[in-house]
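**Student:** prediction below, plus the sequence it came from.
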2 protein chains.
Amino acid sequence: MPLAELPATTGLSLEALIQEMGRRAREASLRLSTLSTQDKNRVLESMAGALLERESAILEANAGDVQQAIGKGLSPALIERLRLDPARVAAMASGIRQVAALPDPVGEILAEWTRPNGLLIRKVRVPIGVIGIIYESRPNVTSDAASLCFKSGNATILRGGSEAFRSNGAIAEALSSGGCAAGMPEFAVQFVPVVSRETVTLLAHMDRYLDLIIPRGGKNLIQTVTAEARMPVIKHYDGICHVYVDSAADLAMACDLAVNAKCQKPGVCNAMETLLVHRDVAAAFCPLAAEALHKHGVELRGDDAFRSFVPSALAATEEDWSTEYLALVLSVRVVDSLEQAIDHINHYGSRHSDAIVTADPKAAQRFLAEVDSAAVFWNVSTRFNDGEEFGFGAEIGISTDKLHARGPMALPELTSYKYHILGSGQLK
Amino acid sequence: MPLAELPATTGLSLEALIQEMGRRAREASLRLSTLSTQDKNRVLESMAGALLERESAILEANAGDVQQAIGKGLSPALIERLRLDPARVAAMASGIRQVAALPDPVGEILAEWTRPNGLLIRKVRVPIGVIGIIYESRPNVTSDAASLCFKSGNATILRGGSEAFRSNGAIAEALSSGGCAAGMPEFAVQFVPVVSRETVTLLAHMDRYLDLIIPRGGKNLIQTVTAEARMPVIKHYDGICHVYVDSAADLAMACDLAVNAKCQKPGVCNAMETLLVHRDVAAAFCPLAAEALHKHGVELRGDDAFRSFVPSALAATEEDWSTEYLALVLSVRVVDSLEQAIDHINHYGSRHSDAIVTADPKAAQRFLAEVDSAAVFWNVSTRFNDGEEFGFGAEIGISTDKLHARGPMALPELTSYKYHILGSGQLK
């Protein structure tokens, strides 16, 4: 909704505007928490319909963003991320319908017990409240995030990047008016209607109204939000993911898993960035893996031991071990032991997704227990750290944090809980 | 452990010292996560024994703190909080033994399922990692927090207040040497061995090593930590708790509950600060409650309607509704409806503990659903928001946050989870 259309916000300072949005979101969140599943699904259906109905307005707004991006000389990859077409608008609408089809986590009784004094205690799943989403160029985040937050009963304040400002605004307006037409509380989905870096800081400081901030974007954005925020932040950070080929590995399986983990989609956070190979199988495995990876165009950067088996590989530097390439580049290290592999991962990794390939259950158990990452895999590719692959349906991201949500963050991770305590006048 | 005794820390800058403590804590945490329950309980037993053995050294250190506090003219209440005696040292040791007796949350399988492609996914409870505890005057926090964090497999960095510096140091030294003698990994429990405000900021910025900070103390401390922290913070903030006496309340029960909630222990966070009374029962209830509360020495501050029934009450100001008295003072407001009571609580409350007294299940259900607080009570006093009363055993505090831990924060809330994914080479 453009600023001018927000009743009683015209003429407000930026700070007052953000505060007013927060106050309204908090009010909306209290109403949202009591909506039935049926009510929420009807709203989501109406949001999806509104996106399709307003396709031409959305594409027009997007054309403005794309033109601006071209004028600014943005890279073709960034422009591609930004660009919408009828298929992408349809995909957003279908994403919202998929969220409607997911089970509603709110109201679930997580635990229930009776105390010796007769008190009945019930732990009940409830919405978090108000969630701020701070994101960068992809306009589809607007509808993905808003629909997931709404289904889990939360009010959302969306603050998108300047490159997609027009597109995000048009999408948010469709969601808001489509939603409200089907009974969504007013201000349940709000979009920050101003282009200004300052709004990030203003949101991050507003712990009075925001219960959670989720930054989605590059390292700089996440670091700024983390440093400024006074409320919980859930980060979806780097994925410096490893595959470790143990001395007891099935080498053909290891080769297939390495190719899958590196090459299936190299630009995502659960792709492998470093391959670790046990010394006992290095002579047999390294040339095999190098050949398979070369076929997929992967540039290899190895330590001395690896390069003794694969002379064409470049020399890896210390920096390589902590680099998320997000590209067809792979660092490879030969390790002396399972323990050294675990130490390497816990030191250089990002606690995201790490795999062991082995036929030895003891080695696997130790790896699963000692690698301190959100998802630890045995004879499976790191690419499976994903909400869909876990059976969760749509996810808002893969958390690299250890509190509240770790790994795929789907609808249940967008909720909190409260206790109901039922008694009959107990005083002790 | 005094700074000079920390190997290789002498001569470090404050920042380098804190970083080095963080690095060591992280290393210790990786070893801690694999200890068995039996190992951990043996360590806790040894910690408790070491506290008792070193009683005289602890009391001597404490005498130094008390003398300094008297010299600085601290209030008698603060000095009382600070003072240790043999009974208090014994209570700390017995607290550690109680923690040893609690079930170990680590390793619990929270969920397990198999995907259509054969992947077995297991969600397993694991320690959080490294927890920073920043606290003020009470020295018993040193042993309470360290033992709870240790039992849940976490490494701890303790940063106590300057008033209790000597006492905390002596207690931490006993815990650390007692623990290490029984196989605790070195540096699993560390105490910041320097008096400096700067250490709070240095810890709050050290997201590389600290997974969580828990501030325990006054509002200023919590606000500073919240504003500076780059890692999750779990706050145990104000308790502005309400009891709402509905039109369908059993007035004798309501009176008993109000007296219990206000008078049993007025200085704690789950004590009632505001009483709300439905207009339909105000004429009958207000004089009754006032008489009972006056007998306990409670000062009453009411709105005009309340004062029309209880003329001796002072006039409540707007500020009263958001004040945590922590004393025998109570604000009272007469409301027109259940809805107005809920709105009042959601507006002025601190999302801590709120109760309804009613014989009407519909009113109760609405109150339980719509009051946005950690614990919502029906015909029970707010005083029951407590780890012991919930059956959790010892708690590290009552969280007023909505993420990760809400309400009583006991051992399970000091853990995270990770996913184990077991496969057989699946590529899709």
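**Tutor:** Arrived safely, thanks for sending.
**Student:** C-alpha only now, for contacts and for neighbours.
**Tutor:** Fine.
**Student:** thought A:Y325 was touching A:L300, still the case?
**Tutor:** No: if you go by C-alpha atoms under 8 Å, A:L300 and A:Y325 don't touch, sitting 11.6 Å apart.
**Student:** residues in contact with the residue of chain A found nearest chain B?
**Tutor:** Using C-alpha to the nearest C-alpha, the single residue of chain A nearest to chain B is A:H404, 4.1 Å away. Neighbour list for A:H404: A:E413, B:L403, B:H404, B:A405, B:S416 [criterion: C-alpha atoms under 8 Å, 6 or more residues apart in numbering or on different chains].
**Student:** just the ones of those in strands?
**Tutor:** B:S416 (DSSP state E).
**Student:** between the contacts of A:H404, which sits nearest B:A69?
**Tutor:** Nearest to B:A69 among these is B:A405, at 34.8 Å by C-alpha to C-alpha.
**Student:** what number of residues lie near the residue lying closest to the closest one once chain neighbours are set aside?
**Tutor:** Once flanking residues are discounted, B:A405 sits nearest to B:E413: 5.8 Å by C-alpha to C-alpha, 6 or more residues apart in numbering or on different chains. Neighbour count for B:E413, taken as other C-alpha atoms under 10 Å in any protein chain shown: 20.
**Student:** next one: B:E413 from B:S399, what distance?
**Tutor:** According to C-alpha to C-alpha, to the nearest Å, B:E413 stands 10 Å off from B:S399.
**Student:** what do you get for A:V268?
**Tutor:** 35 Å.
**Student:** neighbour count: the two, which is higher?
**Tutor:** B:S399 (22 against 16).
**Student:** select the longest helix from chain A.
**Tutor:** When chain A is parsed with DSSP state H, its longest helix is helix A:14-32.
**Student:** other SSEs contacting it?
**Tutor:** Where contact means 3 or more C-alpha pairs under 8 Å, 6 or more residues apart in numbering or on different chains; DSSP states H and E, helix A:14-32 is packed against strand A:130-135, strand A:155-159, strand A:189-191, helix A:198-205.
**Student:** for that helix, list every residue counted as buried.
**Tutor:** For helix A:14-32, burial by neighbour count (16 or more other C-alpha atoms under 10 Å in any protein chain shown) applies to A:17-32.
**Student:** let's test this: mean pLDDT of the helix or strand hosting A:K40, rounded?
**Tutor:** For A:K40, the element it lies in under DSSP states H and E is helix A:37-53. The average pLDDT for helix A:37-53 rounds to 98.
**Student:** just to revisit the earlier point, which neighbours do A:L300 and A:Y325 have in common?
**Tutor:** With C-alpha under 8 Å, 6+ apart, A:L300 and A:Y325 have no common neighbours.
**Student:** picking that back up, let's see the pLDDT reported for the residue of chain A closest to chain B.
**Tutor:** 94.
**Student:** can I assume A:I398 sits in a strand?
**Tutor:** Yes: under DSSP: H, G, I helix; E, B strand; the rest coil, A:I398 sits within a strand.
**Student:** quick one: neighbours of it, just the number.
**Tutor:** 26.
**Student:** quickly list what it is bridged to.
**Tutor:** A:P408 (DSSP bridges).
**Student:** please apply the same query to A:I109.
**Tutor:** Going by DSSP bridges, A:I109 is paired in beta bridges with A:V124.
**Student:** model confidence score at it, please.
**Tutor:** 97.
**Student:** buried residues in stretch A:349-368?
**Tutor:** Neighbour counts using 16+ other C-alpha under 10 Å place A:349-359, A:363-364, A:367-368 of stretch A:349-368 among the buried residues.
**Student:** that one near chain B at all?
**Tutor:** Yes: Stretch A:349-368 reaches chain B (C-alpha under 8 Å from any C-alpha of the partner chain) through A:L368.
**Student:** need the residues that contact that stretch.
**Tutor:** Against stretch A:349-368 from outside (C-alpha under 8 Å, 6+ apart): A:237-250, A:253-254, A:270, A:322, A:338, A:342, A:345, A:371-382, A:385, A:399-400, A:407, B:420.
**Student:** mind listing which of those are in helices?
**Tutor:** Among those, DSSP H puts A:M253, A:A254, A:L338, A:I342, A:I345 in helices.
**Student:** low-scoring stretches of the stretch 1-150 of chain A, by residue?
**Tutor:** A:1-10 (pLDDT under 70).
**Student:** show me what the helix or strand that contains A:A61 is packed against.
**Tutor:** Secondary structure assignment for A:A61, by DSSP H and E: helix A:55-71. Here helix A:55-71 touches helix A:76-82, helix A:86-101, helix A:165-181, going by 3+ C-alpha pairs under 8 Å, 6+ apart.
**Student:** tell me the buried residues in that helix?
**Tutor:** Buried residues in helix A:55-71 (16+ other C-alpha under 10 Å): A:E55, A:A57, A:I58, A:L59, A:E60, A:A61, A:N62, A:A63, A:G64, A:D65, A:V66, A:A69.
**Student:** ok, which pair from those is furthest apart?
**Tutor:** A:E55 and A:A69 (20.6 Å).
**Student:** need the winner for burial among the helices and strands packed on helix A:55-71.
**Tutor:** When the helices and strands packed on helix A:55-71 are scored by mean count of other C-alpha atoms under 10 Å in any protein chain shown, the highest mean neighbour count falls to helix A:165-181 (a mean of 24).
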